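Enquirer: Any chance you can model this:
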Amino acid sequence: MRYLGAVSVLLMLCGATFGIEYKTFTGHIEDNQSLAERSTIISVEARSLVSIRLGCHQEFNQFLTAYLQREDTKEIVVSVKTVCTKSQKDFDQKYKWARVFSDDSDSVDYRIVVTGAERAFFEVLYEVNTVRLPSDGTPTYHVLTPGVPSIHTFAIDNWDDVNYRFVDVSVEGWENQTDVIGKMIVTQNKDELYNFLISPNTSTLNSMRLGYSKFGRIVLSDVSSPGLAPGIWMVGHILFDEEQTKNIAISIAVNTDYEYVSKVVILTIVSCFGVILPIFCRYIFNYMNAERKVSFAAWRQVVINWFYSGNKGLAYLTGFLAWMLIVSAFQVVHAKWGEMMEKGDRDICYYNERCYRPYLGYYDVSVNGIASNLPFMVHGAIIILSVSLAETSCYSLKHKRYDYSIPYSFGLAFIFEGFGSLLYHICPAQIIFQFDTLFMFVISQYIITALVDGHAVRREVHEDAHKLFSSKRKSIRSPKLFLFFLGPAYGFNFLGNLHYIDPLPKPIAFFFFLFVGLWVLGILLWAAYKANLLPTSYFRAATIHFTSGGVEVKEKTSETSMLKKVFFGAYTLLVVIGFIMVVMGKLVISIFILGELIVALTIMTAASFVYLLSDLWFTLTRVVRPNNKKYPMHYRYIIPAGVVLYLLCGLGLVIVSLFFFVILESTDKSIPPWESRELNQGCVLNDFWDAHDLWHFFASHALMMIVLVVIQMQKPCRDCYMKYKECQIPAKEKNGDREMVQPVNKKKNFQEPEILKVIPLVDDKSVVMEEVNE
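Expert: The predicted structure is shown next:
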């Protein structure tokens with residue numbers, strides 16, 4: 001009995017502090033005992049929860065029953081039974097609650113009656129929850145006790161403009177109690193409330209529930225399930241932990257005059273200013289071709305030709321892959337979102353609940369998380385437009401050697417990356433994350449492909465030299481790209497995510513990781529081959545002889561540098577470590593594949609950018625001269641300043657986007673949902689966009705700037721890739737590995753051609769190769 005008394009005192013103190021009325025009723029059963037001696041009357045206000053708890057202590061196993069009946073109708077509304085035992089442990093386990101919600105419009109008297117074995121001592125602990133939550137955001141404090149659920153109520157008025165309102169039902173936990181997990185439900189259905197109090201994980205059809213440690217929020221709107229409706233709403237809480245209490249603060253906030261169309265329109269308009277980037281990039285990195293004008297008639301013809309002529313294989317394959325994957329992804333995502341809506345379980349989708357803005361009138365999703373992907377689509381359209389204008393220039397000049405398939409593919413990949421990320425944000429979850437990275441894989445691999453393709457053209461462009469090296473330095477063909485990389489990457493990514501969430505059977509997991517390891521090994525061998533690190537590579541050191549404008553030229557091909565070997569060795573080590581972490585379950589395979597791609601393309605882009613800068617330096621020092629009216633001397637200052645500005649802007653965008661993505665991380669799909677909610681961040685811009693939305697905005701701009709430079713390094717127009725040289729080349733001039741010898745042509749008034757064009761890949765037996773003896 002002392003134990004019961006201590007619990008009663010504690011609960012009464014808590015009730016006095018947090019607005020819940022806890023009372024006790026004690027006594028014992030005797031023969032010829034009147035009803036009044038083993039019962040008590042309580043008054044219950046309208047729409048309140050009544051809970052009764054019965055305990056006893058007796059030397060012999062005996063049963064006691066307590067029931068609650070209405071005084072006016074004598075109807076028994078709820079009862080609870082317990083067993084009297086000598087064991088204190090068994091006594092604690094049998095000390096249970098029974099609850100009923102009174103939905104009467106006025107106060108009603110109830111009687112608690114105890115019946116059972118004679119000479120049994122009993123104690124009834126009962127509570128009447130009369131707390132009403134204010135709807136102005138003011139918090140109501142409460143202490144959750146193990147095994148003692150809490151019910152609060154709030155009222156919703158009958159609004160005419162419900163399409164412009166939503167209600168936030170929030171709960172905050174104490175910082176030092178994040179290890180105590182609670183569960184919250186919001187409903188108007190009494191039966192589902194009772195089922196939740198008995199089993200918190202039970203599926204509900206007309207309720208929403210979630211788990212929380214530090215923070216949780218359920219948003220009621222016209223598109224939620226249940227939908228926002230007038231009347232009395234119940235908010236229930238219960239603890240998972242059976243030993244610790246939890247201090248919480250519950251608040252109700254009504255958001256009025258909610259409107260999102262103007263915010264989305266502003267984001268789209270601001271994203272359209274990205275059209276400046278391709279103009280700026282082309283002007284500073286390829287300014288000799290930047291000023292060419294195109295006609296609308298020629299551009300229209302190029303657009304028509306895109307569908308039935310020219311080499312657009314990679315772009316067509318990109319579109320085919322996109323439609324196939326996007327449709328399949330939408331089926332999976334919509335099924336996952338539908339499961340959340342059907343079960344009422346908000347733990348299925350990992351939203352940033354602190355900045356959850358519903359798509360009122362249409363969809364119970366975070367409209368800000370979806371709309372923030374518009375910059376990717378807008379920038380993809382801008383890339384396609386700028387590439388079409390560049391192709392129109394080649395078409396108007398009747399060039400014969402140009403291929404814009406990869407640049408067009410970049411634009412399509414941007415658009416479909418926006419769609420993939422949009423689908424992911426319908427229901428963010430670990431298994432859905434693979435759809436967010438679908439076209440990040442594609443964009444990353446296209447960057448690598450473009451750099452390899454651009455490297456097929458020598459910096460020192462010459463007809464004979466280009467014939468030789470282009471025949472050896474082939475680009476990555478699109479069928480091989482899809483067959484050997486993108487296809488396996490998607491397959492392994494899908495199975496790897498399944499294994500991360502629900503481990504595969506050991507035999508299947510063994511073969512899965514075996515095939516992944518063999519695939520990774522094959523990719524590394526291919527990279528070593530392309531980097532001239534294998535004995536069988538075509539790019540062996542050699543000396544070639546050719547004639548350039550009457551000048552005999554002897555040139556050494558580049559040997560494999562020690563720096564390249566060191567970088568490749570470090571990259572291989574990084575890949576091996578990442579693969580081991582994937583096998584151990586410490587790293588998601590999506591992050592592994594995407595991370596290794598990003599590292600590879602970063603190294604390749606940096607190396608290729610050095611070549612691009614050397615090309616600019618060559619042009620600025622050889623072409624820009626005082627007597628050149630088209631390219632005057634001030635270009636020597638404008639172009640370098642533009643390059644520096646472009647680099648600084650790109651680097652700044654990368655840093656800002658990573659800051660929002662890493663430092664201000666708002667969710668983590670690899671941890672339990674209640675832990676992920678601890679990372680939730682409030683809106684940071686216009687009370688609508690959160691940090692992850694700004695990550696989308698800045699990352700799209702940063703990635704666009706990288707892709708635009710990569711397109712210039714890819715040299716899609718071979719006839720546009722020009723080299724301006726001095727008319728007279730001094731004899732015996734040293735220029736790196738190039739050695740100029742006396743001119744072969746002795747004619748008077750001879751001048752070297754001003755423009756040297758790249759020619760198609762053909763074999764030329766007149767070019768002589770001599771292996772270098774090491």
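Enquirer: Can you show me the strands along the stretch 651-774 of the chain?
Expert: Along the stretch 651-774 of the chain, the segments classed as strands by DSSP state E, counting those that start in this stretch run 734-735, 738-743, 768-771.
Enquirer: so what does the longest helix along the chain touch, helix or strand wise?
Expert: Determined from DSSP state H, the single longest helix within the chain is helix 589-622. The contact analysis (3 or more CB pairs under 8 Å, 6 or more residues apart in numbering; DSSP states H and E) places helix 589-622 against helix 438-455, helix 487-501, helix 562-583, helix 635-658, helix 691-714. No exception for glycine: its C-beta is placed from N, CA and C like everyone else's.
Enquirer: just the angle between it and helix 562-583, please?
Expert: With axes from the mean of the first three to the mean of the last three CA atoms, to 10 degrees applied, the angle from helix 589-622 to helix 562-583 works out at 160 degrees.
Enquirer: Identify each buried residue in helix 589-622, please.
Expert: By 16 or more other CB atoms under 10 Å, the buried positions in helix 589-622 come out as 589-590, 592-597, 599-601, 603-605, 608-609, 612, 615-616, 618-620.
Enquirer: what's the answer for stretch 393-408, then?
Expert: For stretch 393-408, a neighbour-count test (16+ other CB under 10 Å) marks 393-397, 401-408 as buried.
Enquirer: Tell me which of those residues fall in helices.
Expert: Judged by DSSP H, helices contain the following of the buried residues of stretch 393-408: 393-396, 405-408.
Enquirer: Return the closest of those residues with respect to residue 527.
Expert: Nearest to residue 527 out of those is residue 406 (CB to CB; 18.8 Å).
Enquirer: Quick one, grab the pLDDT at the residue nearest to the closest one when sequence neighbours are not counted.
Expert: Among residues not flanking residue 406 along the chain, residue 450 sits closest, at 5.0 Å (CB to CB, 6 or more residues apart in numbering). You'll see residue 450 listed with a pLDDT of 89.
Enquirer: Select, out of the helices and strands packed on helix 589-622, the one closest to residue 107.
Expert: Residue 107 lies closest to helix 691-714 among those, at 48.8 Å (CB to CB).
Enquirer: Please find the angle between the direction vectors of the closest one and helix 635-658.
Expert: On the basis of the same axes, to 10 degrees, helix 691-714 is oriented at 150 degrees to helix 635-658.
Enquirer: give me the low-pLDDT residue ranges for the stretch 351-500 of the chain?
Expert: Residues of the stretch 351-500 of the chain meeting the criterion pLDDT under 70: 456-475.
Enquirer: mind redoing it with 90?
Expert: Within the stretch 351-500 of the chain, the stretches with pLDDT under 90 are 359-363, 390, 393-403, 430-441, 445, 448-487, 489-500.
Enquirer: before we move on, back to that, save the helices and strands packed on helix 589-622 as a markdown table, and put in distance to residue 98 too.
Expert: Shown next, in a markdown table, are the helices and strands packed on helix 589-622 (distance: least, CB to CB, whole Å):
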| stretch | distance to residue 98 |
| --- | --- |
| helix 438-455 | 52 |
| helix 487-501 | 38 |
| helix 562-583 | 51 |
| helix 635-658 | 55 |
| helix 691-714 | 45 |
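Enquirer: and of the ones you listed, who's closest to residue 32?
Expert: helix 487-501 (64.9 Å).
Enquirer: elements contacting the following helix or strand past that closest one?
Expert: Next in sequence after helix 487-501, counting helices and strands by DSSP states H and E, comes helix 506-530. Applying 3+ CB pairs under 8 Å, 6+ apart, we find helix 506-530 packed against helix 487-501, helix 562-583.
Enquirer: what's the last one packed up against?
Expert: Counting contacts by 3+ CB pairs under 8 Å, 6+ apart, the secondary-structure elements packed against helix 562-583 are helix 506-530, helix 589-622.
Enquirer: Give me the buried stretch members for it, please.
Expert: By neighbour count on 16+ other CB under 10 Å, the buried set for helix 562-583 is 564, 567-568, 571, 575, 578-579, 582-583.
Enquirer: Of all those, the one with the weakest confidence?
Expert: Out of the buried residues of helix 562-583, that is residue 564, at 78.
Enquirer: can you count the residues close to residue 514?
Expert: 10 (other CB atoms under 10 Å).
Enquirer: what pLDDT does it get?
Expert: pLDDT, residue 514: 94.
Enquirer: ok, now which ones touch it?
Expert: Contacts for residue 514 (CB atoms under 8 Å, 6 or more residues apart in numbering) come out as none.
Enquirer: From residue 575, how far off is it?
Expert: Between residue 514 and residue 575 the distance is 16 Å, computed by CB to CB, to the nearest Å.
Enquirer: can you check residue 63 too?
Expert: Noted for residue 63: a distance of 68 Å to residue 575, by CB to CB.
Enquirer: now the closest residue to residue 337 other than its chain neighbours: how far from residue 660?
Expert: Counting by CB to CB, 6+ apart, residue 337 lies nearest to residue 427, which is 4.1 Å off, once chain neighbours are set aside. Applying CB to CB, the value for residue 427 to residue 660 is 22 Å.
Enquirer: Also residue 575?
Expert: Applying CB to CB to residue 575 and residue 660 gives a distance of 28 Å.
Enquirer: thinking again about what came up before, and the furthest pair within the ones in helices among the buried residues of stretch 393-408?
Expert: 396 and 406 (21.3 Å).
Enquirer: Can you give me the neighbour number for the closest residue to residue 165 other than its chain neighbours?
Expert: The shortest distance from residue 165 to any non-neighbouring residue, by CB to CB, 6+ apart, is to residue 256 (5.4 Å). A count of nearby residues for residue 256, using other CB under 10 Å, gives 9.
Enquirer: Who are the contact partners of residue 275?
Expert: Here residue 275 is in contact with 382, 385-386 (CB under 8 Å, 6+ apart).
Enquirer: Span of stretch 365-377 from start to end?
Expert: The first and final residues of stretch 365-377 sit 20 Å from each other (CA to CA, to the nearest Å).
Enquirer: Residues contacting it, please?
Expert: 260, 263-264, 267-268, 271, 274, 337, 351-352, 355-359, 414-415, 417-419, 421-422, 425-428, 683, 688-690, 692-694, 696-697, 700-701.
Enquirer: Out of these, which end up buried?
Expert: In those, burial by neighbour count holds for 263-264, 267, 271, 274, 337, 351-352, 355-359, 414-415, 417-419, 421-422, 425-428, 683, 688-690, 692-694, 696-697, 700-701, counting by 16+ other CB under 10 Å.
Enquirer: I'm done for today, thanks for sticking with me.
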